[in-house]
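> Structure for this input, please:
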Amino acid sequence: MKFILHIGQSKTGTSSIQHFLTVNSKKLLKQGILYPSVKINGLTVEMVAHNAVADSVVGVNRYPFVTAENYFKQFIQEATLNQCHLIILSAEHFFQGEPRVWDFANEDDFYEAYGNKLIKLKSYLIGHEVSVIVYLRPQLEWFASAVAQTVRTAGLISKNNLYQNDAQFYKLMKPILNYPKMLDLWDSLISPESLEVIPYNKDTFLGMSVVADFVERIGINNYKYLYSELDLNINQSLSAEYIEVKKVLNKVKKSKNKERVIISCLEFLSKEHGSGIRYHVDKKIQHEILKLAKQDNSILNARFFNGGLSFLESNHDIDKQLLTSIIKKRAFKLFKMEICKPKYKVLFVKYVFKDLIRRKFLPLHTLLHMMKNFFQRKKSFHIWFLNKE
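This next block holds a predicted model:
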């Protein structure tokens, strides 16, 4: 059996690729390619992303609460039953999930734990051919994106406030910005048949689409697929002024369901009233990251220079539009007005109900999840990748 592990990195179109593979899982299965789901109490749960699988490798079990051993056992059994020759797993948590870098006092301890995770992952893949694909974003662009994402979801991913300022956050995240070190661990501990490392640059992708690029790279581009219109705007970032609003809100601890309501409110405001200004990293930290990137990218280019693509420093600061105090004040004012609307009280009740169902009535949650995916499939439309059938 052959495995393709698409390991991220985060903020490189992973969600779009995962939704594409999920929507087209039945078509892929007919070609002998399994993008696996998992069965819970006899019901099939489409996972979309396999982040729960990646985290389970180190014993961290999240919904749908299956052990790593059972995941891989189910995947291989299903592939064998359907006479598949290929299993595709896609999860940014393979590259940057558990173990979490912020749980370690120093980078050596983190790299040791990260290596142990890969050794454990390798144990589930023994006897199978493994290829690894990873898209890497320029270090400064990824860091700016990570700041925005961490501030946005702070109350959901950790009990502690992980972000205090750019300098503190850079020190915290520096180990996973060391791309050569991370890739060395994958290469030496997983020993894949191939390790394909691709600079994340939409201008170089077929149709400027990471999905089309991925489809071409894994060799399934000669078919007609479905692509969900819901996937066209996945995981949109907050504009800079609403990141500043969330920074202030993060100073007060709240329940996860209140956090979800606030995030939904800010996402709406950013979409409807946002300035479109990106988050800009502190100048001093920008220089430090670019210095690191110059050294590391020369190593990456020497090892993984692929098809004319090269790893470049970020153009993150080309956009000179700056966030003014007027824009910030307007954002705070709009948030205070918006969050008081009755729809957010209703949304809070909805989140509480969903959380209760997920924790206490897993079979019912699984059934509702299946119904949701069914209706998403009904909204799909056809696109062509490269060639017609």
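
> Residue 187: what's its closest spatial neighbour, skipping adjacent residues?
In space, not counting the residues next to it along the chain, residue 187 is nearest to residue 195; the distance is 5.5 Å by Cβ to Cβ, 6 or more residues apart in numbering. Backbone N, C-alpha and C define where each C-beta goes, glycine included.

> Doesn't that neighbour belong to a strand?
Yes - remark: residue 195 belongs to a strand, assigned using DSSP: H, G, I helix; E, B strand; the rest coil.

> Touching, it and residue 132? I think so.
Yes - in terms of Cβ atoms under 8 Å, residue 195 counts as a neighbour of residue 132; the distance is 4.9 Å.

> Tell me the residues that contact both of those two, please.
Where contact means Cβ atoms under 8 Å, 6 or more residues apart in numbering, the residues bridging residue 195 and residue 132 through contact with each are residue 186.

> what ranges do the helices span in the stretch 201-350 of the chain?
Counting by DSSP state H, counting those that start in this stretch, residue ranges of the helices within the stretch 201-350 of the chain are 210-217, 240-249, 256-273, 283-304, 325-338, 342-360.

> Can I get the ones you listed in JSON lines including mean pLDDT, mean neighbour count and distance to residue 19?
Below are the helices of the stretch 201-350 of the chain laid out as JSON lines (pLDDT from 0 to 100; neighbours: other Cβ atoms under 10 Å; distance: least, Cβ to Cβ, whole Å):
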{"stretch": "helix 210-217", "mean pLDDT": "92", "mean neighbour count": "20", "distance to residue 19": "9"}
{"stretch": "helix 240-249", "mean pLDDT": "96", "mean neighbour count": "22", "distance to residue 19": "24"}
{"stretch": "helix 256-273", "mean pLDDT": "96", "mean neighbour count": "18", "distance to residue 19": "18"}
{"stretch": "helix 283-304", "mean pLDDT": "92", "mean neighbour count": "16", "distance to residue 19": "27"}
{"stretch": "helix 325-338", "mean pLDDT": "96", "mean neighbour count": "14", "distance to residue 19": "28"}
{"stretch": "helix 342-360", "mean pLDDT": "89", "mean neighbour count": "13", "distance to residue 19": "20"}
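
> In contact with residue 163, which residues are there?
Contacts of residue 163 (Cβ under 8 Å, 6+ apart): 147, 150-151, 154, 169, 247, 250.

> now do 7 Å
Neighbouring residues of residue 163 by Cβ atoms under 7 Å, 6 or more residues apart in numbering: 147, 150-151, 154, 169.

> Among these, which ones are in helices?
Secondary structure defined by DSSP state H assigns 147, 150-151, 154, 169 of the contacts of residue 163 to helices.

> Pop out the phi and psi values for residue 138.
Backbone torsions for residue 138, taken as degrees, to the nearest 10, come to phi -50, psi 140.

> Please renumber the chain so that the first residue is 47 from this point on.
Okay, residue one is now 47; in that scheme the one you just asked about reads as residue 184.

> tell me the phi and psi of residue 172?
Backbone torsions for residue 172, taken as degrees, to the nearest 10, come to phi -60, psi 130.

> circling back to that earlier point, and the residue nearest to residue 233, how far from residue 385?
Counting by Cβ to Cβ, to the nearest Å, the separation of residue 241 from residue 385 is 46 Å.

> Which one's more surrounded, the two?
A direct count of neighbours by other Cβ atoms under 10 Å for residue 241 and residue 385 places residue 241 higher, at 19 against 16.

> what pLDDT does that one get?
pLDDT, residue 241: 96.

> what does the lengthiest strand in the chain contact?
Assignment by DSSP state E gives strand 175-182 as the longest strand of the chain. Around strand 175-182, the neighbours that count as contacts under Cβ under 7 Å, 6+ apart are 48-55, 58, 141, 225, 232, 236, 238-246, 256, 263, 357.

> can you give me how far stretch 309-326 is from the chain middle?
Computed by Cα atoms, centre = their mean, to the nearest Å, the chain-centroid distance of stretch 309-326 equals 20 Å.
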